[in-house]
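J.: following is a predicted model, sequence given first.
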Amino acid sequence: MGNTPPLFAAAAKGEFQAVQAATYGGTGDAIVVPKGSPIKSVADLKGKTVGVAEGSSANYNLLAQLDKAGLKYSDVKVQNLQPADALAAFSSGHLDAWAIWEPFTSQAEQEAGAKVIATGKGLVNGYVFQIASQAALDDPATTAALKDYVGRIAKAQVWSQTHKEDWAKVWSEETGLSEDITLAATKKRDVQLVPISQDVIDSEQGMADAFTENGLLPGKVDVAPFFTDKFNSETTGK
C-alpha cells in the first residue's frame, strides 16, 4: 500500500499492521493538466474539476498541494476516479486536472501530453508499506514466513533502485505499459528503505489529521496501533 490507504483502513477499524516501509520519494506523485491548459499552478485550480482516487496517495498529495497554495479541499470539484477511468476522462477533456501517482503520471505525460504543475517532492513522505492482517501476525508460523518475505521485499526494493532499466522491463511486462513509460516512472523513484519508527508514525498521523480536518475521515484516527517495528531487523537491520 501507499502512504494513504492504511489511514482509511484504520478509520474503518481494520485489523492489520504495517510491517515494512520504504519511501519512493514524492516526485512521481503529481498533479497534471491537459496539453495547452491555461492552468499554470495549483492556485489556478480553484473552482476547477480535479480527478483523484479518493483514499490514495494522490488524494493526500492533492490535499497537501492545495493547502500549500492557500486553498481548501472544498475549493475544487473533486471527481473520485480510479486511474483507468481518470485517464479516459482526462484524455477526453472532462477533467481540468488529475492528481495521480506513477506509473500513471508518466503514462499521462507520454500518451495524453499531460503537463505536470506540481509534484510531491519535499511535500509528501512517499512511503509505501507492506501490510499484514492481525490474524497472520497472531500465527507464529505465518509470522516466521512474513519475516522472510519482507526481507526479500526489502532486497527487491533496493535492487529496483540500482537496476532501474531491468526493473522497468519487468514492470512493463507486469502492467502492459510500454517500457518507455515504466522507465520514465522508475527514474522518478528514489527508493530508500525506512525502519518503522516514531517518525514514520508521526508523519502518517499528520496525514490522518489533515484528512480528518477536511472531512475526509470520520473523526480522529490514532494510527499508532497499526504499525509495528518487530520486522525492522529483517528489513533494515535497525
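T.: Thanks, I have it.
J.: return the distance of the most centrally placed residue in the chain relative to residue 128.
T.: Centroid check for the chain by CA atoms, centre = their mean gives residue 57 as the closest residue, at 3.2 Å. As defined by CB to CB, to the nearest Å, residue 57 lies at a distance of 8 Å from residue 128. (C-beta placed from N, C-alpha, C; glycine too.)
J.: which neighbours do these two have in common?
T.: 2, 3 (CB atoms under 8 Å, 6 or more residues apart in numbering).
J.: just the buried positions in the helix ranked longest in the chain, please.
T.: Using DSSP state H to define each element, the chain has its longest helix at helix 140-162. By 16 or more other CB atoms under 10 Å, the buried positions in helix 140-162 come out as 146, 147, 149, 150, 151, 153, 154, 157, 160, 161.
J.: now do the SS call for the nearest residue in space to the fourth one that is not next to it in sequence.
T.: I take that to be residue 150. Spatial nearest neighbour of residue 150, chain neighbours left out: residue 20 (4.1 Å); criterion: CB to CB, 6 or more residues apart in numbering. Counting by DSSP: H, G, I helix; E, B strand; the rest coil, the backbone at residue 20 sits in strand.
J.: quick one: residue 211 and residue 6 touch, right?
T.: No - in this structure, residue 211 is not within contact of residue 6 by CB atoms under 8 Å, at 11.8 Å.
J.: give me the phi and psi for the closest residue to residue 108 other than its chain neighbours.
T.: Excluding its sequence neighbours, the residue lying closest to residue 108 (CB to CB, 6+ apart) is residue 114, at 3.8 Å. Dihedral angles phi and psi of residue 114 (degrees, to the nearest 10) take the values phi -60, psi 150.
J.: for residue 114, give me its contacts.
T.: 32, 33, 34, 35, 90, 98, 105, 108.
J.: now the buried members of those.
T.: 32, 33, 34, 90, 98, 105, 108.
J.: nearest to residue 119, of those?
T.: residue 105 (8.4 Å; CB to CB).
J.: tell me the helix or strand right after whatever helix or strand that closest one lives in.
T.: Assessed by DSSP states H and E, residue 105 sits inside helix 104-112. Per DSSP H and E, the first helix or strand lying C-terminal to helix 104-112 is strand 115-119.
J.: neighbouring strands - and their directions - for that following strand?
T.: strand 30-33 (antiparallel) (DSSP bridges).
J.: before we move on, back to that, export the buried residues of helix 140-162 to a markdown table and tack on distance to residue 169 and pLDDT?
T.: Shown next, in a markdown table, are the buried residues of helix 140-162 (distance: CB to CB, whole Å; pLDDT from 0 to 100):
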| residue | distance to residue 169 | pLDDT |
| --- | --- | --- |
| 146 | 28 | 96 |
| 147 | 29 | 96 |
| 149 | 23 | 96 |
| 150 | 24 | 97 |
| 151 | 24 | 96 |
| 153 | 19 | 97 |
| 154 | 21 | 97 |
| 157 | 17 | 97 |
| 160 | 11 | 96 |
| 161 | 15 | 96 |
